[in-house]
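*Asks:* take this sequence and fold it.
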Amino acid sequence: MVQQECERFQNLGKDDLKYHYLVKFTKMAPQLSTNELISVSKEIVAALAMCCAQSKQFACVDYSVDLVLGELCGVNKNRTINPAMDQCCKSSPAFGRHCFEGLKADETYVPPSASKGLFTFHTDLCQARNGAFQRRKERYFVELVKLKPQRTEEELRSLLTDFINVVEKCCKAEGPEACFTKEGLILEAKSQAASEA
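*Replies:* Numbering: from 1, shown residues only. Alright, predicted model coming up:
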């Protein structure tokens, strides 16, 4: 498993791997807040970035990933998250990791019926510098997963690319606000179509 994670890290790179974990953790524990899901995903990626370069990568990954999963289980004790995740948290440490690895999307989760402004964009996006825009992308992505957890990672990434393209297009437009209003509706319709297909 460690080898698999490190290979994934080498193949995808830090940024793509973060989005992979954002999908995985959001599907696994959609009840967590967007900030918590982003934080856990970043911690896993940081652990892999540090460990996969070391000669003792197995021990390092084991230790670091167990810390992050332990954190998730700590949150799980105080709130109702995916019942299947509860089982993983209660199983012995030796089996816990395997249990988490096999976890699928939470089937008890009921997604929000409305997108709550997810597709409403404003010109402040044009002023968002690299770090701020990165955070907006991550938040948007997690909300997309929460809205329709049954989507594949490919569909979700494609919708994220659409969002990035809309921001680029509208920030160059004569009237960015009008562009955002129009493109936001198109994105929402595309998102709905992707989930019904």
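*Asks:* flag the shaky bits of the chain, pLDDT-wise.
*Replies:* Along the chain, segments meeting pLDDT under 70 span 1, 76-78, 80, 93-95, 194-197.
*Asks:* which parts of it belong to which domain?
*Replies:* Following automatic domain parsing, one finds the domains of the chain at 2-101, 124-196.
*Asks:* mind naming the longest helix for the protein?
*Replies:* Taking DSSP state H as the criterion, the chain has its longest helix at helix 2-28.
*Asks:* distance between that one and the chain's centre?
*Replies:* Offset of helix 2-28 from its chain centre (CA atoms, centre = their mean, to the nearest Å): 10 Å.
*Asks:* without its sequence neighbours, what residue ends up closest to the most centrally placed residue in the chain?
*Replies:* Computing the C-alpha centroid of the chain and ranking residues by CA atoms, centre = their mean puts residue 22 first, at 1.8 Å. What sits nearest to residue 22 in space, not counting adjacent residues and going by CB to CB, 6 or more residues apart in numbering, is residue 41, at 4.8 Å. The C-beta positions use only the backbone N, C-alpha and C, and glycine is treated the same way.
*Asks:* now swap in residue 133 and tell me
*Replies:* Closest residue to residue 133 apart from its sequence neighbours, by CB to CB, 6+ apart: residue 125 at 7.2 Å.
*Asks:* in what helix or strand does that neighbour lie?
*Replies:* Assigned by DSSP states H and E, residue 125 belongs to helix 124-127.
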